[in-house]
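S.K.: model the following, please.
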Amino acid sequence: MKNNILKLEMFEAVCKCGHVGKSHYIIKSFPLMAQSRKEAARIARGIPRVKHDYQDAILNVFKIDKKRYFELVEINNRDPYLRCTCIQDQNAIDLSDRLMDEDRSNHYSPRKEENKKTFYCNKQKIRNQKKYMTRYYDIEKISNYNAIEFNDIA
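M.R.: Next up is the predicted model:
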């Protein structure tokens with residue numbers, strides 16, 4: 001256990017931080033202790049306020065000394081953006097000079113509507129297929145079955 005602790009080095013991770021709008025971010029440096037740059041980047045991605053789903057959320061990771069490490073700790077402790085706990089606290093802070101515009105081409109995008117297969121029922125497009133299949137499909141099947149029985153009798 002002591003061997004792993006002794007091998008830890010100090011790193012500075014420069015990250016894109018969010019919760020400031022969909023197309024904006026703030027660049028922030030975090031001091032980290034890790035065994036390698038790769039592990040430091042992995043740890044930095046898990047820090048609150050860092051954009052987790054962006055491929056380029058970690059801009060840079062480099063080694064630092066103790067003086068710079070404790071300087072970053074002090075800077076982050078005094079930063080009101082990292083200390084706010086609710087949206088009202090964040091709205092009270094003026095972040096307009098720190099905002100950067102986001103290039104939307106480099107982040108993870110969820111599956112788009114146009115890539116999904118469309119589902120129709122009697123020429124009517126069904127928006128939520130799972131909901132339709134669980135709630136309405138069985139009812140239609142039962143009502144059609146009952147209609148056939150009554151038509152056969154008459």
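S.K.: contacts for the longest strand belonging to the chain?
M.R.: The longest strand of the chain (DSSP state E) is strand 24-34. Strand 24-34 is contacted from outside by 8-18, 20, 40, 43-44, 47, 49-51, 59, 64, 68-70, 72-73, 75-76, 79, 81-82, 95, 98-102, using C-beta atoms under 8 Å, 6 or more residues apart in numbering. In this view, the C-beta of every residue, glycine as well, is placed from N, C-alpha and C.
S.K.: over to stretch 54-67?
M.R.: So stretch 54-67 is contacted by 9-16, 27, 31, 37, 40-41, 44-45, 50-51, 72, 106-108 (C-beta under 8 Å, 6+ apart).
S.K.: that stretch: how far from the chain's middle?
M.R.: Put simply, stretch 54-67 sits 19 Å off its chain's centre (C-alpha atoms, centre = their mean, to the nearest Å).
S.K.: okay, buried residues for that stretch please.
M.R.: By 16 or more other C-beta atoms under 10 Å, the buried positions in stretch 54-67 come out as 54, 57-58, 61, 64.
S.K.: what ranges does this structure have for its helices?
M.R.: Assigned by DSSP state H, the chain shows helices spanning 2-6, 37-45, 66-78, 80-83, 87-92, 129-135, 137-153.
S.K.: contacts only, for the residue nearest to residue 68 when sequence neighbours are not counted.
M.R.: Leaving out its chain neighbours, the residue that sits closest to residue 68 by C-beta to C-beta, 6 or more residues apart in numbering is residue 12, at 6.7 Å. Residues counted as contacts of residue 12 (C-beta under 8 Å, 6+ apart) are 29-32, 61-64, 68-69, 72.
S.K.: what would those look like in TSV with pLDDT and distance to residue 128?
M.R.: Below are those laid out as TSV (pLDDT from 0 to 100; distance: C-beta to C-beta, whole Å):
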residue	pLDDT	distance to residue 128
29	95	44
30	96	41
31	96	46
32	95	43
61	95	43
62	94	48
63	96	51
64	95	51
68	95	53
69	95	51
72	95	47
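S.K.: and of those residues, the nearest to residue 130?
M.R.: residue 30 (40.3 Å; C-beta to C-beta).
S.K.: so the closest one bridges to which residues?
M.R.: residue 13 (DSSP bridges).
S.K.: thinking again about what came up before, next, work out how far apart the residue nearest to residue 68 and residue 43 are.
M.R.: 12 Å (C-beta to C-beta, to the nearest Å).
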